[in-house]
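Chemist: Here is a sequence with its predicted model. Questions after.
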Amino acid sequence: MVESGLPTPPGSDNVAKPSGAPGGFKVIDWAGFAGAVSYSFDDSNSSQIQNFETLNGLGVPFTFYLQTGKNESNDPVWQRALDAGHELGNHTQRHSSEDDGSDTDAATRFIESKFNIKVYTMAAPNGSPTYTNLAKTRFMINRGVANALIAPNDSTDPFTLPSYIPPQNASASVMNEQVTSARSAKRWRTFCIHGFNGGSDQAYQPIPLQAFVDHVNHVKGLGDVWIDSILNVGAYWLGQKAVSSGTNMKNGDETTITWRLPEHFPTGKYVRVTVTGGTLKQNGVALPWNPHGYYEMALDPKSVTLSP
């Protein structure tokens, strides 16, 4: 990870700074990777807790959606997960398909008070459409359960974000196919996993732990797929959409691009951008060129200026 929090992409680390005419401003898809994948775990299930050290040992960030009415949500493993760089998200308190907002808010209060964090994403219990509108007033993203790929700058609803649920006893190769298709299409795939075989938590469609480990190691071995939490990949995806749909204003030989970020968007997020030439500045300071082939641009200023 670099200062932006984004992982180093594959490819050369000796790319020359663009020296052409100023212009060609664009955001790089998936931070320079071929595609992206996010693994999320629902329900605070005990088989996740029992196997956390193995999951954590894979060395990639996951998203854990806590059902806070369960005793398992009090397990100290979740603080360890947070400290290790994983995301904790909201899966409501009671896991009902119906909610007037109070159950969702109870879960948020539990997580934010217990772990001293802000919750940015949730996962709708049972994929219920009830949570689509609830999430819009509370979160950046609501993960659903209908499987589909997510493309840069597409019209996917972030408040019913698609997700793939592996079939019970899924093999590594079955899960590999889901990432292969995302990588080929240069898109983002999210996974929704409930637990692992051998547990006593009655997890929905449990999968073999070793199959999951083998799968994640396979994806890591590809070298060009961005594996990260729903929060981190989702913030990049939404940030790119915001910048790409921003407003361009010319003033002499300078062009200033401005944008608006979505509601409930985290601070401190970046996107990677390229130009054909010129100097990019934020708050009057020139952005440094990264020899991997891009500039890293902060989203918080909500503007950037390109000049000769």
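Modeler: Thanks, I have it.
Chemist: tally of neighbours for residue 174?
Modeler: Neighbour count of residue 174, defined by other C-beta atoms under 10 Å: 14. The way it works is simple: take the backbone N, C-alpha and C, and place the C-beta from them, glycine included.
Chemist: Figure out the helix or strand that it lives in.
Modeler: For residue 174, the host element (DSSP states H and E) is helix 172-185.
Chemist: Check which element follows that helix along the chain.
Modeler: strand 188-193.
Chemist: Helices along this protein, start to end?
Modeler: In the chain, the helices defined using DSSP state H lie at 46-50, 52-56, 77-83, 102-115, 130-136, 172-185, 209-222, 230-244.
Chemist: Please name every helix or strand in contact with the helix holding residue 174.
Modeler: Packing partners of helix 172-185 (3 or more C-beta pairs under 8 Å, 6 or more residues apart in numbering; DSSP states H and E): strand 35-42, strand 188-193, helix 209-222, strand 225-227.
Chemist: one step back: now the helices of the chain in JSON lines, with distance to residue 263 and mean pLDDT?
Modeler: As requested, the helices of the chain are exported to JSON lines (distance: least, C-beta to C-beta, whole Å; pLDDT from 0 to 100):
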{"stretch": "helix 46-50", "distance to residue 263": "30", "mean pLDDT": "97"}
{"stretch": "helix 52-56", "distance to residue 263": "32", "mean pLDDT": "98"}
{"stretch": "helix 77-83", "distance to residue 263": "24", "mean pLDDT": "98"}
{"stretch": "helix 102-115", "distance to residue 263": "15", "mean pLDDT": "98"}
{"stretch": "helix 130-136", "distance to residue 263": "8", "mean pLDDT": "98"}
{"stretch": "helix 172-185", "distance to residue 263": "27", "mean pLDDT": "98"}
{"stretch": "helix 209-222", "distance to residue 263": "32", "mean pLDDT": "98"}
{"stretch": "helix 230-244", "distance to residue 263": "11", "mean pLDDT": "98"}
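Chemist: so of the ones you listed, which one's packed in deepest?
Modeler: helix 230-244 (a mean of 23; mean count of other C-beta atoms under 10 Å).
Chemist: Other residues contacting that one?
Modeler: Residues outside helix 230-244 that contact it (C-beta atoms under 8 Å, 6 or more residues apart in numbering): 5-6, 26-27, 29-31, 36, 38, 40, 61, 63, 87, 89, 120-121, 140-141, 143, 150, 152-153, 158, 161, 188, 190, 226, 257, 259-262, 265-266, 269-271, 273, 297, 299.
Chemist: let's go with 6 Å and repeat that
Modeler: Contact partners of helix 230-244, identified using C-beta atoms under 6 Å, 6 or more residues apart in numbering, comprise 27, 31, 36, 38, 40, 63, 87, 120-121, 141, 152-153, 188, 259, 261-262, 266, 269, 271, 299.
Chemist: Filter those down to the buried ones.
Modeler: 27, 31, 36, 38, 40, 63, 87, 120-121, 141, 152, 188, 259, 261, 266, 269, 271, 299 (16 or more other C-beta atoms under 10 Å).
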